[in-house]
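[1] Provide a 3D model corresponding to the input given below.
(one chain, ligands or ions: 2)
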Amino acid sequence: ISSLHTQVVSDAGRYLAERCILEGAPPLSVNWKLFENSVQLTQHGMQAMAATLIFALYQSDQINTLAHQIHNLRRQRGNGLKIVVREMSASLRYSDERLLLACGASLIVPHAAPLSSFLTMLEGIQGLRLSRHIPVNIDALIAGLQPLPVKGYLPLEDFSKAVVSLMENTLLPEDGKGVMVALRPVPGLSARQSMTLCHQRRFGDVMTVAQNRLFLFLSTCRINDLDTALKFIFRLPVREAFSNWVVWYEDVDIRSEIKRLAHNMELAQSTVKRDLKAMPKNPTIIEETEAEQRRQPIPFTLLSREQGGA
Ligand code: C2E
Ligand code: C2E
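    Ligands and ions are numbered 1, 2, ... in the order given. Coordinates of the predicted model:
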């Protein structure tokens, strides 16, 4: 135990990092060691106990590899390590950040943070240990955090099922699954017509029509980003096409709105069934009755002058 303790103490102040995260600056002290890429950094990190490891992230296609590297380090080296990701260009979605955190990252530094703020953030996590539980199976984790494999229009029933299945995903944080919006089109525009203005681009973004309103579910979109998302998604400014809209962003509210929609749909279906029942059993009889009631053409001959006309 004492030799383990010595090792923890000895590497707690060490910084192992990809070279590019310092933007060309030299190592800040003898405690810093720089590596050319994430593979070398991971290899050296496998001997660390409480050091700070800093990865660089340039593009979203690096996320899966990085998630595996972070998960491996965290599972094998424990909760003393400080694992940091510095975003080098704007490329991380909230859902990507969530995946990296779930794999064991301690801190994700956004692209907008300048070098000096980034270094202050590193100071801020010194002495901290991770206390979150990190799942053993990373493949299940990645699969569970993937967006739904659908986008765009869905019939109401499928829309409701898709949103409910998301609400039941326990890997996603409470009240962080997305935003639901119901938009009422301006007079003269039907909800169905308004769908042609809506161009959903991301998997997991779905829409439906109910009660002459356009319902959108925007996956992992946060309420503060709703205006940005709507601006990208609609071909026209939202205020020109819709007279008002309602937004739900907490799980409990989204669930109860979906329940209400499903209830209304059932009511509508049972009304149709009741009306159908009230109709005469054999539709052909209706046709005959109608046919009988229809006026039949009567042959009519115009009188000639000789026959006494005019
Ligand atoms: P941004 O484009 O300014 O979008 C800000 C936030 O608005 C996004 O944060 C997201 O919450 C929301 N948002 C925007 N468009 C959509 C959408 O079509 N569907 C949904 N569901 N939400 C949307 P997020 O996801 O954290 O992304 C942060 C930034 O990362 C984005 O800022 C953008 O600069 C970049 N980014 C994310 N995904 C992509 C992508 O597929 N392509 C490109 N070019 N950039 C992306
Ligand atoms: P996708 O998720 O189906 O997104 C399709 C396109 O919608 C993107 O093409 C981009 O033009 C637009 N888009 C979606 N979300 C946003 C957003 O938040 N902001 C902005 N400005 N645009 C957005 P793009 O950029 O060529 O990406 C193609 C595909 O690459 C995406 O398909 C997605 O599968 C992947 N991708 C790109 N950036 C990111 C990212 O930051 N995170 C993740 N997880 N995937 C990304």
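
[2] contacts and neighbour counts: CA atoms only from here.
    OK.

[3] so which helix or strand takes in L183?
    Taking DSSP states H and E as the definition, one finds L183 inside strand 178-185.

[4] to the chain's geometric centre, what's the distance from that strand?
    Between the mean C-alpha location of strand 178-185 and the chain-wide mean there is a distance of 14 Å, by C-alpha atoms, centre = their mean, to the nearest Å.

[5] Mind giving me the packing neighbours of the helix or strand encompassing D139?
    Here D139 sits within helix 138-145, counting by DSSP H and E. Under the contact criterion of 3 or more C-alpha pairs under 8 Å, 6 or more residues apart in numbering; DSSP states H and E, helix 138-145 touches helix 94-103.

[6] one step back: quick one: mean pLDDT over the helix holding D139.
    Across helix 138-145, the average pLDDT comes to 92.

[7] ok so, going back, can you give me the buried ones in the helix or strand following the strand holding L183?
    In the C-terminal direction, the helix or strand that comes right after strand 178-185 (DSSP H and E) is helix 191-194. For helix 191-194, burial by neighbour count (16 or more other C-alpha atoms under 10 Å) applies to A191, S194.

[8] Export helix 191-194 to CSV, keeping only CA atoms.
    What follows is helix 191-194, C-alpha atoms only, in CSV (Å, rounded to 0.1, in the frame of the first residue of the first chain):
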residue,chain,number,x,y,z
ALA,A,191,-50.1,21.9,-40.5
ARG,A,192,-49.6,19.4,-43.3
GLN,A,193,-48.6,22.1,-45.7
SER,A,194,-46.3,23.6,-43.1
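
[9] List of residues touching that helix?
    R184, P185, V209, N212, R213, L214, A241 (C-alpha atoms under 8 Å, 6 or more residues apart in numbering).

[10] export the residues you listed to CSV and tack on pLDDT and secondary structure?
    Shown next, in CSV, are these (pLDDT from 0 to 100; DSSP: H, G, I helix; E, B strand; the rest coil):
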residue, pLDDT, secondary structure
R184, 97, strand
P185, 97, strand
V209, 97, strand
N212, 93, coil
R213, 97, strand
L214, 97, strand
A241, 95, helix
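
[11] Keep only these that also lie close to ligand 1.
    Among the contacts of helix 191-194, proximity to ligand 1 is found for none (C-alpha under 6 Å from any ligand atom).

[12] A67: which element?
    Take DSSP H and E as the rule and A67 turns out to sit in helix 63-77.

[13] Please enumerate the helices of this structure.
    Under the criterion DSSP state H, the chain contains helices at 2-11, 38-45, 63-77, 94-103, 115-124, 138-145, 156-167, 191-194, 226-233, 238-241, 251-278, 283-293.

[14] now, of those, which is deepest in the fold?
    Compared across the helices of the chain, helix 94-103 shows the largest average neighbour count, a mean of 20 (mean count of other C-alpha atoms under 10 Å).
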